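Participant: Fold the following.
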Amino acid sequence: MSKTIDMTGEKIGDWVVLERDALNQINKGQNAFWLCVCKCGKLSSLNGTLLRQRRTKKCKTCNQRDNNQIDLAGKKFNRLLALERDNETKTANSWKCICDCGKMTSTTSRHLRKGTVRSCGCLVKEFCKENKSGKNSHWWNPNLTDEERKNRERTCFPGYNEWRLSVILRDKYTCRLSRQQQDLNVHHLYAWNSFPLLRYEITNGVVLNKEIHNLFHSLYGKGHNTKEQFIEFSVRYFYGEFNNILPIKLKSRNWDHYII
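Facilitator: Below you'll find the predicted structure:
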């Protein structure tokens, strides 16, 4: 076991080490603790390792007071320009800032000075757009047309929401297989990508519970599905093949309601 370094009388930042704190030594284990006094007169028991590494230089009260005295108005921190103190937030020592993109935000003096906050959030969005979208994305589909890529969200396509609602109304807000009426998705029997002429045919859609829908695509993939695959999946479902996978409420029961 290494010998404890005597720090009595040392001045570290605003701290002056008075004596070894034997009580804290017992309560907090191996590390030596020292009773210190800050220049403001506050006493505190501090870890000797933190003191030697200069990781603590003053008490919390003095540190907060000194931070409050730092005027950041007009200073630029990466993309953020500090405007004025933000007295409307509960977080101490916050500053109202304007980002290069024009958006207002609020963050603490500490985050600004240390560089842990560099923008209103637009920097992260730009990084993701450059490195995780387009051809760099693992969801990239080279078979889509420019028009489809521009409106890659199906809900952007005219007629999609109307088609989805029509299928749900026809199936009476009920999963075609489990008869559950919660967490519903509308499934294309003939895939959206491979059969564009059937996208908005009411007969090409069936209502499924979300978990059953996800299970189908985990088994048969996405993008090239057919009605025949769904019939095969339904037979497997009703024979109980997935009962050990699905929750009790989604397990198969009978064929009475099964109609394609």
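
Participant: tell me the contacts of residue 43?
Facilitator: Going by Cβ atoms under 8 Å, 6 or more residues apart in numbering, residue 43 touches 35-37. C-betas here are computed from N, CA, C, even on glycine.

Participant: Would you mind naming the residues that bridge with it?
Facilitator: residue 37 (DSSP bridges).

Participant: circling back: Throw the contacts of residue 43 into TSV and include neighbour count and pLDDT, thanks.
Facilitator: TSV is the format used below for the contacts of residue 43 (neighbours: other Cβ atoms under 10 Å; pLDDT from 0 to 100):
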residue	neighbour count	pLDDT
35	17	90
36	25	91
37	15	91
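
Participant: need these in TSV with distance to residue 44, can you?
Facilitator: Shown next, in TSV, are the contacts of residue 43 (distance: Cβ to Cβ, whole Å):
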residue	distance to residue 44
35	8
36	6
37	8
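
Participant: Let me see the domain layout of this structure.
Facilitator: Recorded structural domains for the chain (assignment: automatic domain parsing) are 11-64, 71-140, 146-250.

Participant: For residue 219, which non-adjacent residue is spatially closest?
Facilitator: Residue nearest to residue 219 in three dimensions, not counting chain neighbours: residue 233, with 6.9 Å by Cβ to Cβ, 6 or more residues apart in numbering.

Participant: circling back to that earlier point, reformat the domains of the chain into CSV and put distance to residue 4 next to each item.
Facilitator: Formatted as CSV, the domains of the chain follow (distance: least, Cβ to Cβ, whole Å):
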stretch, distance to residue 4
domain 11-64, 5
domain 71-140, 32
domain 146-250, 59
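
Participant: circling back to that earlier point, just curious, which of the contacts of residue 43 is nearest to residue 12?
Facilitator: Nearest to residue 12 among these, counting by Cβ to Cβ, is residue 36 at 7.9 Å.

Participant: okay but residue 227 is in contact with residue 188, surely?
Facilitator: No - with contact defined as Cβ atoms under 8 Å, residue 227 does not reach residue 188; the gap is 9.5 Å.

Participant: Of those two, which one has the most company?
Facilitator: residue 188 (22 against 16; other Cβ atoms under 10 Å).

Participant: Okay, and the beta partners of that one?
Facilitator: residue 205.

Participant: so it sits right up against residue 205, yeah?
Facilitator: Yes - counting by Cβ under 8 Å, residue 205 is a contact partner of residue 188 at 6.2 Å.

Participant: ok, how many other residues are close to residue 226?
Facilitator: So residue 226, with other Cβ under 10 Å, has 15 neighbours.

Participant: in terms of contact, does it touch residue 198 like I think?
Facilitator: No - taking Cβ under 8 Å as the definition, residue 226 is not a contact partner of residue 198, at 10.6 Å.

Participant: Let me know the next secondary structure element after the helix or strand of the chain with the lowest mean pLDDT.
Facilitator: Every helix and strand of the chain was ranked by mean pLDDT, DSSP states H and E. The lowest is helix 146-150, at a mean of 60. Proceeding N to C from helix 146-150, the next assigned helix or strand is helix 160-170, under DSSP states H and E.

Participant: Cool, thanks, signing off.
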